[in-house]
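# From the sequence below, what's the structure:
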Amino acid sequence: MGNTLKRFICGICVGVFIGLSGAAAESTLRMGVLGIPVTKGQPYASMNAPTIYTWAAIFDSLTFVGHDGAIRPWLALSWENVDPLTWRFDLRPGVTFSNGEPFNADAVVNAVDYLISPAAAGDVVASMFNTVVGARALDALTVEITTRTPNPVLPREVSTLRIVAPEAWRRLGPQGFGNAPHGTGPFQVERFEPARVVMRRFDNSWRPPAFDRLEVRAVPEGPARVQAMMSRQLDMILGASPDLMDALADNGDQVVVVPGSGTFAFSFILNPSHPAFGPANAPLTDVRVRQALNYAVDKNAFLTALLGGKTGAASQPAPPIAFGYDPALAPYPFDPEKARALLAEAGYPDGFAMVVEIVPGGSIPNGEAIYQKVAEDLAKVGVRVELRPFTIQQYLRALHFGEFSGQGFMMDFPSAPTMDVLRAMKLHSCWWKTPYLCVAEDQALIEEIAQEFDIERRLNLSRQLMRRYRDQAYALYLFNTVEFYGLRRGLTGFEAEGLFIRYDKIRDSGT
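As a prediction, this is how the structure comes out:
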């Protein structure tokens with residue numbers, strides 16, 4: 001790594017950690033992330049980064065789905081489909097919450113009751129349970145969950161169901177519980193600070209950690225995270241760009257690259273009923289225009305230069321690790337001449353203007369440089385893109401309530417934690433509460449997949465859906481996501497799947 005980059009990294013963070021460094025105990029693990037949960041310890045508000053990095057230390061779900069797609073026992077040891085509308089789960093015995101409450105069937109019923117209630121209407125996790133109508137305890141360690149229609153993938157979906165201490169939840173309510181959360185994970189929260197969550201070891205966790213304490217610190221800028229780790233103010237970081245990660249390798253530290261669980265794209269607002277849909281969206285309603293945008297971008301250029309060649313171009317709205325991914329589909333090739341021809345055929349020989357809303361400094365490595373490269377390529381075929389920034393809070397409100405001001409927005413198609421292509425459809429179809437994309441033919445296929453128990457038929461139908469989303473070019477598909485983690489030398493046992501970090505497995509060898 002050049003001296004200029006080293007000086008840049010070391011100089012950018014002067015003063016960032018004043019008041020945060022101090023003398024940390026040897027048994028404290030310090031993690032640097034983009035941000036901490038806005039809702040603190042209320043675990044139903046999100047399923048994605050950066051909140052999951054904090055909640056993975058506090059909460060557990062009934063099942064866990066790994067990158068291999070296999071459903072693993074977690075708080076549930078086994079499950080069976082007792083009739084088309086009922087799943088029965090046998091729960092892990094001897095598990096307690098960090099406030100001493102026992103984990104049992106009542107805790108599961110409490111979580112389900114909340115997620116299907118009107119009170120959860122604004123919570124992202126509730127959207128995963130749109131087929132669920134109720135739950136009941138058969139005994140202390142057996143619970144049944146019922147659905148309104150057959151749901152063959154409920155054991156996958158309950159990997160999103162983080163279980164909270166039921167008595168504390170009922171007493172405090174969602175917001176109060178968020179300030180003082182209790183789960184079954186390896187750590188329990190001591191306090192939330194504006195840019196830090198301080199936790200201590202939960203000795204009675206069924207998966208206790210090796211460290212006495214865990215601190216999750218919000219450090220929005222990648223260079224600042226790298227410098228903080230090089231100066232040993234942090235032990236682990238994520239989300240820095242590959243070129244900055246080179247500084248860690250030069251320092252003798254570890255860089256771990258983990259395949260992501262989604263695809264990244266510029267999504268288009270195509271639903272006439274969406275609050276942000278207007279005359280400026282008209283060009284995007286023509287499939288030829290959307291295909292032209294996909295042909296116009298040289299994805300290999302930024303994959304190599306900005307993502308270190310660690311991932312590939314997206315061919316569909318799912319990554320290769322997701323169930324239902326179609327390996328026969330190829331990414332749109334870089335063909336600007338074809339892009340111009342399609343635009344002319346659609347009636348836009350001189351192109352058009354559009355606004356794409358982005359979150360600068362987001363969790364995508366080198367995200368802003370990638371966005372600029374995409375805009376430059378589109379300009380070469382006549383499509384003039386304004387990249388309009390908004391904050392993460394504005395982005396989340398826009399996603400939930402339709403408060404976009406442009407024609408497109410940065411977006412991922414996530415498959416975690418279920419590792420199934422239908423996971424993304426909760427956001428990218430008529431299923432979403434303010435859908436930007438809602439096509440009756442697609443929705444009929446989605447509903448058919450959701451109720452299909454035969455695994456081979458479900459796979460084939462899912463691949464049909466992927467082909468349709470690819471051919472209709474509902475988004476400008478960019479790349480399969482990838483996660484870059486930095487670990488200081490001496491840390492061992494690190495595992496991360498679907499944004500879920502196994503804090504309980506991390507050890508310090510002292511070297």
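# drop to CA atoms for contacts and neighbour counts, all remaining ones
OK.
# Compute the number of surrounding residues for residue 492.
Neighbourhood size, residue 492 [other C-alpha atoms under 10 Å]: 15.
# Contacts for stretch 455-466 next, please.
316-318, 323-326, 421-422, 442, 445-446, 449, 452 (C-alpha atoms under 8 Å, 6 or more residues apart in numbering).
# Can I have the buried ones of the residues you listed as a PyMOL selection?
Buried subset of those, written as a PyMOL selection, criterion 16 or more other C-alpha atoms under 10 Å:
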select buried, resi 316+317+318+323+324+325+326+421+422+442+446+449+452
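# Which of the contacts of stretch 455-466 sits closest to residue 92?
Of all the contacts of stretch 455-466, residue 92 sits closest to residue 323, with 26.7 Å by C-alpha to C-alpha.
# before we move on, the earlier item: out of the contacts of stretch 455-466, flag the one nearest to residue 486.
residue 318 (25.7 Å).
# possible to save the contacts of stretch 455-466 as TSV with distance to residue 55 and pLDDT?
Listed next are these as TSV, based on distance: C-alpha to C-alpha, whole Å; pLDDT from 0 to 100:
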residue	distance to residue 55	pLDDT
316	29	97
317	26	96
318	24	95
323	25	92
324	28	94
325	28	96
326	32	97
421	23	94
422	23	92
442	34	97
445	34	97
446	30	95
449	30	93
452	32	89
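# Let's see which of the contacts of stretch 455-466 end up in strands.
Members of those lying in strands (criterion: DSSP state E): none.
# Inside helices: which ones of the contacts of stretch 455-466?
Per DSSP state H, helices hold the following members of the contacts of stretch 455-466: 422, 442, 445, 446, 449.
# pLDDT score for residue 361?
With respect to pLDDT, residue 361 scores 65.
# Output stretch 185-203 as PDB, nothing but the C-alphas.
Taking Å, rounded to 0.1, in the frame of the first residue of the first chain, the C-alpha atoms of stretch 185-203 are listed here in PDB:
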ATOM      1  CA  GLY A 185     -27.600 -14.700  23.300                       C
ATOM      2  CA  PRO A 186     -24.000 -14.600  24.600                       C
ATOM      3  CA  PHE A 187     -24.100 -11.000  25.800                       C
ATOM      4  CA  GLN A 188     -26.500  -8.800  27.800                       C
ATOM      5  CA  VAL A 189     -26.800  -5.000  27.400                       C
ATOM      6  CA  GLU A 190     -25.500  -2.700  30.100                       C
ATOM      7  CA  ARG A 191     -26.200   0.500  28.300                       C
ATOM      8  CA  PHE A 192     -26.800   2.200  25.000                       C
ATOM      9  CA  GLU A 193     -24.900   5.300  24.200                       C
ATOM     10  CA  PRO A 194     -25.300   7.600  21.100                       C
ATOM     11  CA  ALA A 195     -22.500   5.800  19.200                       C
ATOM     12  CA  ARG A 196     -21.800   2.700  21.300                       C
ATOM     13  CA  VAL A 197     -23.600  -0.400  22.800                       C
ATOM     14  CA  VAL A 198     -21.800  -1.700  25.900                       C
ATOM     15  CA  MET A 199     -22.500  -5.300  26.900                       C
ATOM     16  CA  ARG A 200     -21.300  -7.800  29.400                       C
ATOM     17  CA  ARG A 201     -21.000 -11.600  29.300                       C
ATOM     18  CA  PHE A 202     -24.200 -13.600  29.900                       C
ATOM     19  CA  ASP A 203     -22.800 -16.500  31.800                       C
END
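# Pull the residues that contact that stretch.
Taking C-alpha under 8 Å, 6+ apart as the rule, stretch 185-203 contacts 35-36, 40, 54, 56-60, 97-98, 179-182, 205-209, 211-219, 503-504.
# swap the cut-off to 6 Å and go again
Residues from elsewhere that reach stretch 185-203 (C-alpha atoms under 6 Å, 6 or more residues apart in numbering): 57-60, 205, 207-209, 212-218.
# Also stretch 56-70?
If you take C-alpha under 6 Å, 6+ apart as the criterion, stretch 56-70 is touched by 71-76, 158-159, 161-163, 183-187, 418-419, 500.
# contacting residues around the closest residue in space to residue 134 that isn't next to it in sequence?
Nearest residue to residue 134, sequence neighbours excluded (C-alpha to C-alpha, 6 or more residues apart in numbering): residue 146, at 5.4 Å. Taking C-alpha under 6 Å, 6+ apart, we find residue 146 in contact with 85, 86, 132, 133, 134.
# Now do the phi/psi pair for the last one.
Backbone dihedrals for residue 134, given as degrees, to the nearest 10, come out at phi 170, psi 170.
# What is the burial count for it?
When neighbours are counted by other C-alpha under 10 Å, residue 134 registers 18.
# ok, back up a step: please identify which pair of the ones in helices among the contacts of stretch 455-466 lies farthest apart.
The widest separation within the ones in helices among the contacts of stretch 455-466 (C-alpha to C-alpha) is 11.9 Å, between 422 and 442.
# before we move on, back to that, lowest-confidence entry in the contacts of stretch 185-203?
Scoring these by pLDDT puts residue 218 last, at 91.
# So what sits opposite that residue in the bridge?
residue 33 (DSSP bridges).
# For residue 57, see how far away it is.
Between residue 218 and residue 57 the distance is 15 Å, computed by C-alpha to C-alpha, to the nearest Å.
# which SS class is residue 486?
strand (DSSP: H, G, I helix; E, B strand; the rest coil).
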